[in-house]
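Participant: got a sequence here, can you model it:
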Amino acid sequence: MLKRSVSVIISTYNNPEALKLIISYIERGSSLPDQIIIADDGSSEDTSELINELDKSTKTPILHCWHKDVGFRKNRILNISLAKVSSDYVVFLDGDCIPHKDFVKDHLKLAEPHCLVQGRRTFIPESYVPRVLSGQTSTSKLTWTFQLQGWFKSLRLPFPLVKRNQDLYGLLGCNLAAWRRDLEAINGFDEEYEGWGIGEDSDLGARLYNLGNHRKFVYGHAIVYHLNHPELAKEHVPESKARLTKTIASKQVRCELGLNLHLKN
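Facilitator: Residues are numbered from 1 along each chain as shown. Predicted structure coming up:
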């Protein structure tokens with residue numbers, strides 16, 4: 001495994017309990033990132049206070065990127081965070097996904113030029129989420145008592161099972177890694193997308209494919225455990241799907257409103 005620097009970007013919104021647990025799992029790993037960047041889509045002071053407290057005790061430097069809450073603008077805060085990355089390689093993690101303790105180690109092992117890496121997620125049922133957040137149970141206990149949805153995706157295997165493709169199926173921004181230079185080449189996330197459900201992940205992946213990247217679709221390594229919760233409204237989805245279809249059909253590489261808006265000249 002070649003030596004490379006890595007940043008983990010964690011998107012969050014008013015979920016400090018989960019964020020605290022996510023960072024604690026990252027810190028337990030044998031491989032630590034060079035920086036953790038919190039992409040905060042307008043959380044209240046509770047999240048800021050937590051990050052300030054954690055930054056005093058974590059081994060990994062934490063950078064908090066925040067903007068005002070005026071609705072779901074995840075792509076914008078991800079670009080703001082991406083502009084602060086100081087590493088060669090970037091791993092994206094959602095604030096409702098707890099990483100396996102070897103999450104960073106696995107992503108570093110899987111990193112390869114001209115590839116993005118897509119890890120899998122297993123699901124923690126809503127009824128168990130409060131117990132996980134309070135420390136009454138753990139992801140490992142839920143795995144070995146068969147309480148997880150998509151249980152087989154929770155198993156870390158001795159060797160990863162990797163399928164190479166350029167498919168959009170299973171392309172998720174909650175467990176995705178790519179090279180910073182490739183993300184810069186496509187101008188980061190498209191800020192034309194607003195609203196939850198489609199846009200930040202499929203569009204980014206499609207443009208990375210158009211750039212020439214292939215996907216390493218991975219089972220058995222780089223695992224996250226999704227904290228199930230009620231879904232948000234999806235009234236914007238038809239418009240987002242139409243935009244994504246256009247990106248794919250035109251083989252678009254760079255978006256117009258993206259990372260360039262947040263880079264210093």
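
Participant: the stretch 51-200 of the chain: helices as residue ranges?
Facilitator: Shown for the stretch 51-200 of the chain, the helices assigned by DSSP state H, counting those that start in this stretch span residues 74-82, 103-110, 129-134, 139-144, 180-185.

Participant: nearest to Ile22, of the ones you listed?
Facilitator: Closest to Ile22 of these, according to C-beta to C-beta: helix 103-110, at 9.6 Å. Placement of C-beta: from N, CA and C, glycine included.

Participant: and the closest one, what does it pack onto?
Facilitator: Packing contacts for helix 103-110, counted by 3 or more C-beta pairs under 8 Å, 6 or more residues apart in numbering; DSSP states H and E, involve strand 6-12, helix 16-27, strand 89-94, strand 214-219.

Participant: if you average pLDDT over the first one, what comes out?
Facilitator: In this model, strand 6-12 has a mean pLDDT of 98.

Participant: what strands line up against it, and which way round?
Facilitator: Strands that pair with strand 6-12, judged by DSSP bridges, come out as strand 35-40 (parallel), strand 89-94 (parallel).

Participant: can you add mean neighbour count and give those strands back as JSON lines?
Facilitator: Formatted as JSON lines, the strands paired with strand 6-12 follow (neighbours: other C-beta atoms under 10 Å):
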{"stretch": "strand 35-40", "mean neighbour count": "25"}
{"stretch": "strand 89-94", "mean neighbour count": "26"}
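
Participant: returning to what we had before: quick one: closest of the helices of the stretch 51-200 of the chain to Ser202.
Facilitator: helix 74-82 (11.9 Å).

Participant: identify the residues contacting that closest one?
Facilitator: 9, 11, 37-42, 63, 65-67, 90, 92, 180, 183, 188-191, 193-194, 196, 199-200, 258-259, 261-262 (C-beta atoms under 8 Å, 6 or more residues apart in numbering).

Participant: picking up where we left off before, could I get the strands paired with strand 6-12 as TSV with distance to Ser154 and mean pLDDT?
Facilitator: Converted to TSV, those look like this (distance: least, C-beta to C-beta, whole Å; pLDDT from 0 to 100):
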stretch	distance to Ser154	mean pLDDT
strand 35-40	23	98
strand 89-94	16	98
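
Participant: distance to Leu116 added to these, as CSV?
Facilitator: Output for the strands paired with strand 6-12, formatted as CSV (distance: least, C-beta to C-beta, whole Å):
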stretch, distance to Leu116
strand 35-40, 18
strand 89-94, 10
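
Participant: nearest to Trp144, of these?
Facilitator: strand 89-94 (23.4 Å).

Participant: re earlier: wait, which of the strands paired with strand 6-12 is closest to Pro158?
Facilitator: For Pro158, the closest of the strands paired with strand 6-12 is strand 89-94, at 21.6 Å, according to C-beta to C-beta.

Participant: what angle sits between the closest one and helix 74-82?
Facilitator: Interaxial angle, strand 89-94 versus helix 74-82 (axes from the mean of the first three to the mean of the last three C-alpha atoms, to 10 degrees): 140 degrees.

Participant: okay, strand 89-94 in CSV with CA atoms only?
Facilitator: Extracted in CSV, the C-alpha atoms of strand 89-94 (Å, rounded to 0.1, in the frame of the first residue of the first chain):
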residue,chain,number,x,y,z
TYR,A,89,-7.4,11.3,-1.4
VAL,A,90,-10.9,12.1,-0.1
VAL,A,91,-13.4,9.7,1.6
PHE,A,92,-17.0,10.9,2.0
LEU,A,93,-19.1,9.7,4.9
ASP,A,94,-22.7,10.7,5.8
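
Participant: could you check how many residues crowd around Val129?
Facilitator: By other C-beta atoms under 10 Å, 17 other residues sit near Val129.

Participant: also Tyr169?
Facilitator: When neighbours are counted by other C-beta under 10 Å, Tyr169 registers 8.

Participant: and the pLDDT for it?
Facilitator: On pLDDT, Tyr169 comes in at 87.
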